[in-house]
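*Asks:* Got a predicted structure here, sequence first:
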Amino acid sequence: MKFRTHAGAKKRLVALKSGKVKRKHCRKRHRLENKTASRKANLTGTTYVDAANMKQVERLLGI
């Protein structure tokens with residue numbers, strides 16, 4: 001049976017040549033009035049998937 005890449009993962013994650021996986025920060029969609037400006041600023045932009053989650057992410061992306 002062929003392996004399929006997880007459709008949700010391929011929309012949200014990008015595998016880099018260095019072996020890292022880039023992702024966006026979460027928790028910046030709603031209830032923003034309760035979050036401080038510095039907290040919202042820290043959630044802007046991208047970060048890398050943590051090493052503890054890499055095995056799961058690699059399985060989802062098929063890398």
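*Replies:* Right, received. Where do you want to start? Numbering: from 1, shown residues only.
*Asks:* list the buried ones in whichever helix or strand Leu60 is part of?
*Replies:* Here Leu60 is covered by helix 54-61, with elements defined by DSSP states H and E. With burial defined by 16 or more other Cβ atoms under 10 Å, the residues of helix 54-61 counted as buried are 57, 60. Heads up, the C-betas are built off the backbone N, CA and C, glycines and all.
*Asks:* Could you look up the SS state of the residue positioned nearest the centre of the chain?
*Replies:* The chain has Arg23 as the residue nearest its centroid, 2.9 Å off, counting by Cα atoms, centre = their mean. Under the three-state scheme (DSSP: H, G, I helix; E, B strand; the rest coil), Arg23 adopts strand.
*Asks:* circling back to that earlier point, helices or strands next to the helix holding Leu60 in the packing?
*Replies:* helix 7-12, strand 21-24 (3 or more Cβ pairs under 8 Å, 6 or more residues apart in numbering; DSSP states H and E).
*Asks:* change it to 7 Å
*Replies:* Counting contacts by 3 or more Cβ pairs under 7 Å, 6 or more residues apart in numbering; DSSP states H and E, helix 54-61 packs against helix 7-12.
*Asks:* After the helix it packs on, which helix or strand is next?
*Replies:* Later in the chain than helix 7-12, the nearest helix or strand by DSSP H and E is strand 14-15.
*Asks:* Give the pairing partners of that next one; include direction for each.
*Replies:* strand 21-24 (antiparallel) (DSSP bridges).
*Asks:* Leu32 and Thr47, how far apart?
*Replies:* 19 Å (Cβ to Cβ, to the nearest Å).
*Asks:* Equivalent analysis for Lys11, please.
*Replies:* 17 Å.
*Asks:* ok, Val14 - contacts?
*Replies:* Going by Cβ atoms under 7 Å, 6 or more residues apart in numbering, Val14 touches 21-22.
*Asks:* So what sits opposite it in the bridge?
*Replies:* Per DSSP bridges, the residues bridged to Val14 are Lys22.
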